[in-house]
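A.B. asks: Here is my input, please return the structure:
(one chain, ligands or ions: 1)
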Amino acid sequence: MSTAFPVSPPLARRMAALRSSAIRDLLAVTARPDVVSLAGGLPDPDLVPRERIRDVTARVLHSADALQYTETAGLRSLREVVAARESVRLSAPVDAARVVITHGSQQALSLLAQVLLDPGATVVVEEPAYTGALQVLRAAQARILTVPLDADGMRVDRLADLLSAGERPVLVHTVATFHNPRGVTMSAARRRELVGLADRYGFRVVEDDPYGELYHGGPPPEPVAAHFDRVIRLSSVSKTLAPALRVGAMVAMPDVCAAVELVKQGADLCDSRLTQEIAAELLADEPWLDAHLTGLRDEYGRRAAALRSAVARELGGVATLGAIDGGMFGWLEFVDGTDADALLPVALDHGVAFVPGSAFAVEGVDRGAARLCFTTNTSDRLEDAVARLAAAHRAPIPG
Ligand code: PMP
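C.D. replies: Now for the predicted structure:
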């Protein structure tokens, strides 16, 4: 008698709601050398401070401790430097005890879902949404409601409508600054309105902020967390130093920090001590960091301008590009009825990739938009990419 299962035993029910991220799937295609990719949200590898990281790594490795396990909440020196930097951004003292280091801010989202959400809990996200948040929320079997965005970020009035209609979300997730994928930033007035609602209705706000330091003109409005100490604030070094360090930081109330630390013990014991040591050194060297960030802001600002003028030149009358004040993304909207999903395979044939707006949809599928990342490629390559996109747009769409 055979003991082998004819079919695999079933997966957990929560897996039914999960889909692969269209963006992660697309990244496999866009790795082709003949494709200029505006798809991934990647820093330019040439602007990642590789030599500096190599030098710091060599120094850090003088101590054998760098290769040891460390505290679950994160390396003390890193939590302290994060607390100091967050104190400046929030214009209020942040104690290192309120900082938990996570394996990128993505892990913070995942751990927060575990500690805050029972199956069926209501969560509000912005639409179009950050797909990484959607994946976490679907895995947590949350009930996801959406609020649209406009040029001033989340339509907080629409959130107020949901609340007036009796909805009682456990939390509201916002990428308030340089939104992924829309590029927009929530105005200071709306930030205050949002925390006013959080206070009145007792929901938590997760301010997911990996892009806030990458501004082009002046700095963005004060973080949402500056207006209310019950906001859970997530930041990351992925876009400013290097994604491979996998260092994110959560600033939250002590009860949330303790709960996240508890589930993190089960998730991974602790983050890599080596990369935490490296991040701590880099963040603590203020003159170096300031110069590095200024360099990134200037260069990414030039690239955003290059993208804007290329779109005006090549796609004028066909598509408009939303305002870009920082971050990594511009939101292209076709005004001639082009279906971005149908355009994508043609664009790939022309050697350019983007993410169609539908990849970020929760309810309303917007097929007339595309997210363009302007940070990975140089200005010249961006101009070339937009010319290829325009050629793809002129080509007949098969079928
Ligand atoms: N939040 C948002 C809004 C993001 O765009 C990203 C990265 N694409 C993350 C979180 C996760 O970043 P990381 O885990 O690298 O810190």
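
A.B. asks: Show me which residues of the stretch 51-200 of the chain are close to the ligand?
C.D. replies: Residues of the stretch 51-200 of the chain found near the ligand (Cβ under 6 Å from any ligand atom) are 104, 105, 106, 130, 132, 175, 180. C-beta coordinates here come from the backbone N, C-alpha and C atoms, glycine included.

A.B. asks: Of these, which pair is most distant in space?
C.D. replies: Farthest apart among those by Cβ to Cβ are 104 and 175. That separation is 14.8 Å.

A.B. asks: So which of these two has more stuff around it?
C.D. replies: Taking neighbours as other Cβ atoms under 10 Å, residue 104 and residue 175 compare with residue 175 leading, 29 against 21.

A.B. asks: got the contact list for that one?
C.D. replies: With contacts defined as Cβ atoms under 8 Å, 6 or more residues apart in numbering, residue 175 is in contact with 126, 130, 208, 209, 211.

A.B. asks: Would you mind listing the residues in contact with the residue of the stretch 251-399 of the chain found nearest the ligand?
C.D. replies: Nearest residue of the stretch 251-399 of the chain to the ligand (Cβ to the nearest ligand atom) works out as residue 328 at 7.9 Å. Contact analysis of residue 328 by Cβ under 8 Å, 6+ apart lists 41, 43, 178, 180, 211, 214, 239, 300, 373, 374, 375.

A.B. asks: Please report how far it lies from residue 146.
C.D. replies: From residue 328 across to residue 146, the span is 22 Å (Cβ to Cβ, to the nearest Å).

A.B. asks: next one: residue 185
C.D. replies: If you measure residue 185 against residue 146 using Cβ to Cβ, the figure is 19 Å.

A.B. asks: for residue 255, same thing?
C.D. replies: 28 Å.

A.B. asks: residue contacts, whatever residue of the stretch 101-250 of the chain ends up closest to the ligand?
C.D. replies: Nearest to the ligand, among the residues of the stretch 101-250 of the chain, is residue 104, at 2.4 Å (Cβ to the nearest ligand atom). Counting by Cβ under 8 Å, 6+ apart, residue 104 touches 236, 238, 243, 246, 247, 248.

A.B. asks: The fifth one reaches residue 101, doesn't it?
C.D. replies: Going back to what we said before, that points to residue 247. Yes - counting by Cβ atoms under 8 Å, residue 247 touches residue 101, with 6.4 Å between them.

A.B. asks: and for these two, which residues touch both?
C.D. replies: Taking Cβ under 8 Å, 6+ apart as the criterion, residue 247 and residue 101 both touch 78, 271, 276.

A.B. asks: Give me the subset of these that lies in helices.
C.D. replies: For the shared contacts of residue 247 and residue 101, the ones inside helices are 78, 276, with DSSP state H as the criterion.

A.B. asks: quick one: which of the shared contacts of residue 247 and residue 101 is nearest residue 195?
C.D. replies: The shortest approach to residue 195 among those belongs to residue 78, at 27.7 Å (Cβ to Cβ).
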